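>>> Could you look at this predicted model? Sequence included:
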There are 2 protein chains.
Amino acid sequence: MNIVEELLNNHSRLALSKGITAVENEYDNAVEIMTKIYPHTGNAYVIGITGPPGAGKSTMTDKIAKEYRKRGKTVGIVAIDPTSPYSGGAILGDRIRMMDLMSDEGIFVRSMATRGSLGGLSQKAGDAVKLMDAYGFEVIIVETVGVGQSEVDIVKTADTTMVVVIPGMGDDIQAIKAGILEIGDLITINKADREGTDKLNIEMEMMLELNPEHVSWRPPINRTIASKNEGIEAVVDSIEEHKAYLMESGKLAEIRQARIKTEVVAMVNDRVNRYIDKNVVETDDFGKTVARLSTREIEPYSVVEEIVINVLK
Amino acid sequence: MNIVEELLNNHSRLALSKGITAVENEYDNAVEIMTKIYPHTGNAYVIGITGPPGAGKSTMTDKIAKEYRKRGKTVGIVAIDPTSPYSGGAILGDRIRMMDLMSDEGIFVRSMATRGSLGGLSQKAGDAVKLMDAYGFEVIIVETVGVGQSEVDIVKTADTTMVVVIPGMGDDIQAIKAGILEIGDLITINKADREGTDKLNIEMEMMLELNPEHVSWRPPINRTIASKNEGIEAVVDSIEEHKAYLMESGKLAEIRQARIKTEVVAMVNDRVNRYIDKNVVETDDFGKTVARLSTREIEPYSVVEEIVINVLK
């Protein structure tokens, strides 16, 4: 099967699936596939959804996808999360949810595990988005757990990024707030029937108030109970408003150029780091150096200097 | 002031503080300081504490530090977390907590912000640990928020890593469990007066049961209410048991060699990536390339290839 041909011309979901598997597992044909599909990318609108564990991101993603379906858009989902219902986990409820979405031809769901190098994962997630984009999905949602920097990096490359928070997170809300200020174009308070919702809303408003960056776009704060499908329409409206803002202001083009730049740099760094792994780290000499470092016979800073000189032109 | 001299010979806390500031901000003297203090490192026992937002890691860290003080050990704390009480944030309670710890000469607390490159942060945190180690702190606790891969990488380099969880985290507990299996030498259920503690304990036990890696060391599961100082002694006992296990089995030396290896590789990668930033990414040529990529005139995979060939020997 010619994956590229099948994906682009025959609209084959199987080819899309195989293409993502190829990039995920770094098969020999991965670069060739990505090279050929690249000219067909750039049409999808990419939404990033992130937030702390327990915020209900998967449910939120499902509901937003369905709302977009109602509005006539096709939706691809890249779920970067071992807890994802799409990973085919052992929990029956998750399987049912997955089947629920997958029975719709206008939705395609793919999970990617967070194990191993997240730098690599960020790139692979980007490739999965491009494959769905080339296939023709109009909206692509990248969902990732965590307030971690690497996870944030993944969604930061989206056109619109939404941060999901919930009431009752205690002191750590400070960290999440900081993260929100940095990346959130939209803030959604999920599980908004819980105690502490008003307080959280006020805190969020205050944080936004203090941030001078939000002059032309002030992140709206929506409230949802995703499990009951409450507030989802307003969230999608907000996403669409942000999209309109980006397009009218010319910022969408800027964001996308920045994304391409980030992607190329990450690919270069990844390639170079692998080269170093293979040609330096995995040699016997390096093993001996580490042994001498651990006895404090030598110190690491000159070791690093020497390696760098030997590696770079 | 000669930072190295003051730190090593005059036991100056100010010099320690300045040394960490130097590595954090990448001052010109940072490498020189680290090179000189390196031979004096390797004596401290390093404990990593991680867990999801809201698990009470900061409180746990404080209490463990105080328990170690009771046992006659000096303690350095590296808190990698913008929510940390040590960052001098606006909240009065946090300031009081910080002063509470800092009034003890046998405790030194330093927070590091999670902004910017976490790869770099991991290295800087490692340098802060080394500076505290060279200063003479016997136990060093590295505390980091999140279940993110980068945050996990930071604590993974510790001698003993403890994962803090709390009841009532919902589905996302799956992700945390996966993380625990990967990195946790100890598991602590904090806020153990909450509903769901027994259930969580059973789930954790089951996950450990399923993991074939835990043959020689099975992570103990402790229960605490850190805010009330309940269960902290048992946690510290468990840390000490793990330490004894590592020393008797010879694994401590293995872990530390692996840590050195990881650190050197990270430093090399960091240096090389900066070189690429400066000599490739920040050039006008690259800007033009990105523009052509965004119009899909060219594709990124051959661009990457060309850059890699130009950069490496």
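Alright, I've got the coordinates.
>>> Next, the buried residues of stretch A:290-308.
Across stretch A:290-308, burial judged by 16 or more other Cβ atoms under 10 Å in any protein chain shown covers A:290, A:293-294, A:299-301, A:303-304, A:307-308. Where C-beta positions appear, they are placed from N, C-alpha and C, glycine not excepted.
>>> do the same with stretch A:216-236
A:219-226, A:231-233, A:235-236.
>>> What is the burial count for the nearest residue to A:T262 once chain neighbours are set aside?
Excluding the flanking residues, the one nearest A:T262 by Cβ to Cβ, 6 or more residues apart in numbering or on different chains is A:T157, at 6.2 Å. A count of neighbours around A:T157, defined by other Cβ atoms under 10 Å in any protein chain shown, yields 22.
>>> got the contact list for A:T157?
A:46, A:48, A:122, A:126, A:259, A:262-263 (Cβ atoms under 8 Å, 6 or more residues apart in numbering or on different chains).
>>> So which of these is surrounded by the most neighbours?
Neighbour max across these (other Cβ under 10 Å) = A:G48, 28 neighbours.
>>> For chain A, just list every one of the strands.
Assigned by DSSP state E, chain A shows strands spanning A:45-51, A:75-80, A:107-112, A:139-145, A:160-165, A:186-189, A:221-223.
>>> I'd like to know which of these lies nearest to chain B.
With Cβ to the nearest Cβ as the measure, strand A:139-145 is the member of the strands of chain A nearest chain B (5.8 Å).
>>> can you tell me the average pLDDT over the closest one?
Average pLDDT, strand A:139-145: 89.
>>> before we move on, the earlier item: and the buried residues of stretch A:216-236, which is closest to B:M247?
A:A226 (49.2 Å; Cβ to Cβ).
>>> picking up where we left off before, and the two most separated of the contacts of A:T157?
A:G48 and A:E263 (14.4 Å).
>>> List the residues that contact the residue nearest to A:L7 when sequence neighbours are not counted.
Nearest residue to A:L7, sequence neighbours excluded (Cβ to Cβ, 6+ apart): A:A15, at 4.1 Å. Contacts for A:A15 (Cβ under 8 Å, 6+ apart) come out as A:1, A:3-7.
>>> Try it again at 10 Å.
A:1-9, A:33, A:131, A:135 (Cβ atoms under 10 Å, 6 or more residues apart in numbering or on different chains).
>>> surely A:G48 meets A:V139?
No: applying Cβ atoms under 10 Å as the test, A:G48 and A:V139 come out as separate, 11.9 Å apart.
>>> most surrounded residue in the contacts of A:A15?
A:L131 (31 neighbours).
>>> what ranges do the helices span in chain A?
A:3-8, A:13-24, A:30-37, A:57-70, A:92-102, A:118-135, A:149-156, A:173-183, A:197-210, A:232-249, A:251-276, A:284-294, A:300-311 (DSSP state H).
>>> Mind picking out the helix or strand in chain A with the poorest mean pLDDT?
Least confident helix or strand, chain A: helix A:92-102 with a mean of 58, by mean pLDDT, DSSP states H and E.
>>> if we can go back for a sec, could you redo the helices of chain A as CSV and give each row distance to B:T197?
Listed next are these as CSV, based on distance: least, Cβ to Cβ, whole Å:
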stretch, distance to B:T197
helix A:3-8, 49
helix A:13-24, 37
helix A:30-37, 46
helix A:57-70, 25
helix A:92-102, 23
helix A:118-135, 31
helix A:149-156, 28
helix A:173-183, 23
helix A:197-210, 25
helix A:232-249, 33
helix A:251-276, 42
helix A:284-294, 41
helix A:300-311, 44
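>>> Can you flag the weakest of the ones you listed by average pLDDT?
helix A:92-102 (a mean of 58).
>>> any chance of the strands of chain A in a markdown table, with distance to A:N201 too?
As requested, these are exported to a markdown table (distance: least, Cβ to Cβ, whole Å):
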| stretch | distance to A:N201 |
| --- | --- |
| strand A:45-51 | 15 |
| strand A:75-80 | 27 |
| strand A:107-112 | 31 |
| strand A:139-145 | 23 |
| strand A:160-165 | 10 |
| strand A:186-189 | 6 |
| strand A:221-223 | 6 |
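>>> B:N201 is nearest to which of the ones you listed?
Of the strands of chain A, the one closest to B:N201 (Cβ to Cβ) turns out to be strand A:139-145, at 22.9 Å.
>>> Any idea how far the closest one is from the middle of the chain?
The chain centre lies 6 Å from the centre of strand A:139-145; the measure is Cα atoms, centre = their mean, to the nearest Å.
>>> what lines up beside that strand in the sheet?
Paired strands of strand A:139-145, with direction, are strand A:45-51 (parallel), strand A:75-80 (parallel) (DSSP bridges).
>>> how close does the residue nearest to A:T262 sit to chain B?
Distance, A:T157 to chain B, using Cβ to the nearest Cβ, to the nearest Å: 13 Å.
>>> okay, that residue: pLDDT?
pLDDT, A:T157: 75.
>>> same check, this time on A:P82
Per the predicted model, pLDDT is 51 at A:P82.
>>> Repeat that for A:E213.
A:E213 is given a pLDDT of 65.
>>> how does chain A divide up, domain by domain?
A:1-39, A:41-249, A:267-311 (automatic domain parsing).
>>> wait, what's in contact with A:I47?
Contact analysis of A:I47 by Cβ under 10 Å, 6+ apart lists A:61, A:64-65, A:68, A:75, A:77, A:139-143, A:155, A:158-162, A:185-186, A:236, A:239, A:242-243.
>>> Which of those residues are buried? Put it as a PyMOL command.
Written as a PyMOL command, the selection of buried residues from these, which uses 16+ other Cβ under 10 Å, is:
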select buried, chain A and resi 61+64+65+68+75+77+139+140+141+142+143+155+158+159+160+161+162+185+186+236+239+242+243
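>>> Comparing the domains of chain A, which comes out most buried?
When you average the neighbours per residue for each of the domains of chain A (mean count of other Cβ atoms under 10 Å in any protein chain shown), domain A:41-249 leads with a mean of 20.
>>> OK, contacts around A:E209?
By Cβ under 10 Å, 6+ apart, the contact set of A:E209 is A:R218.
>>> any idea how far it lies from A:A22?
According to Cβ to Cβ, to the nearest Å, A:E209 stands 47 Å off from A:A22.
>>> With A:E240 instead?
Distance of A:E240 to A:A22, given as Cβ to Cβ: 33 Å.
>>> what's the nearest residue to A:I232 if we skip its chain neighbours?
Leaving aside its chain neighbours, A:I232 sits nearest to A:K63 (4.5 Å; criterion: Cβ to Cβ, 6+ apart).
>>> How about the contacts made by the one you found?
A:56, A:224-233, A:235-236.
>>> do that again at 6 Å, thanks
A:226, A:229, A:232 (Cβ atoms under 6 Å, 6 or more residues apart in numbering or on different chains).
>>> Looking at those residues, which is nearest A:T41?
Once Cβ to Cβ is applied, the member of the contacts of A:K63 that ends up nearest A:T41 is A:I232, at 27.8 Å.
>>> what's the pLDDT at the residue located most distally from the centre of chain A?
Distance from the centre of chain A peaks at A:E297, with 43.7 Å (Cα atoms, centre = their mean). As predicted, A:E297 sits at a pLDDT of 94.
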